[in-house]
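**Student:** Got a sequence here, can you build the structure:
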Amino acid sequence: MRLESFTAYSRGPGNAELLKAVRDSPTILVGDPGKEIRSFRVAVTSPAGSKRGTGRGSFIDSVLGAVDDFYGQVIQNLKPWMPAPPKLRAAEDVIEAEPVSNSLISTAISSQDGPEVEATDTPAS
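**Tutor:** Residues are numbered from 1 along each chain as shown. Predicted coordinates for the structure are as follows:
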């Protein structure tokens, strides 16, 4: 099985390596750390049959077998990506807000509260 990675805004072939090598060192697929990886390609090779028609050794059966094997080895085991749940802060990491002085608290409407609605008397027609 071969994995190939493609970076954003680049042309040409990406970085490709066998799955065993990628498992040992995942950074193999990262060519330039400054570029963002946009996609991956997963490829599996298998021998194709040389006979026509159906039956043992036929091309059609070898393709159908390759598709079934690929599904069983790769697609069936895929899981959707889920972000890690947020971690709780430790008690010593929490910064408490300082209390606000009563002289600074105001209940008056300010210009930052939004547009004022003026009541206008419009005669009914």
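**Student:** can you list contacts of stretch 19-39?
**Tutor:** For stretch 19-39, the surrounding residues in contact (C-beta atoms under 8 Å, 6 or more residues apart in numbering) are 1-10, 14-15, 17, 40. C-betas here are computed from N, CA, C, even on glycine.
**Student:** Spatially, which two of these are the most separated?
**Tutor:** Met1 and Tyr9 (27.3 Å; C-beta to C-beta).
**Student:** So the two - more neighbours on which side?
**Tutor:** Higher neighbour count among Met1 and Tyr9: Met1, with 13 against 7, using other C-beta atoms under 10 Å.
**Student:** give me every residue that touches that one.
**Tutor:** Applying C-beta under 8 Å, 6+ apart, the residues near Met1 are Leu18, Leu19, Val42, Ala43, Val44, Gln73, Val74.
**Student:** circling back: quick one, which of the contacts of stretch 19-39 are buried?
**Tutor:** The neighbour-count criterion (16 or more other C-beta atoms under 10 Å) marks Leu3, Ser5, Phe6, Thr7, Gly14, Asn15, Glu17 among those as buried.
**Student:** re the thing from before, could I get the contacts of stretch 19-39 as CSV with secondary structure and distance to Leu88?
**Tutor:** Shown next, in CSV, are the contacts of stretch 19-39 (DSSP: H, G, I helix; E, B strand; the rest coil; distance: C-beta to C-beta, whole Å):
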residue, secondary structure, distance to Leu88
Met1, coil, 39
Arg2, strand, 41
Leu3, strand, 36
Glu4, strand, 39
Ser5, strand, 35
Phe6, strand, 38
Thr7, strand, 36
Ala8, coil, 35
Tyr9, coil, 39
Ser10, coil, 40
Gly14, coil, 39
Asn15, strand, 38
Glu17, strand, 39
Phe40, strand, 33
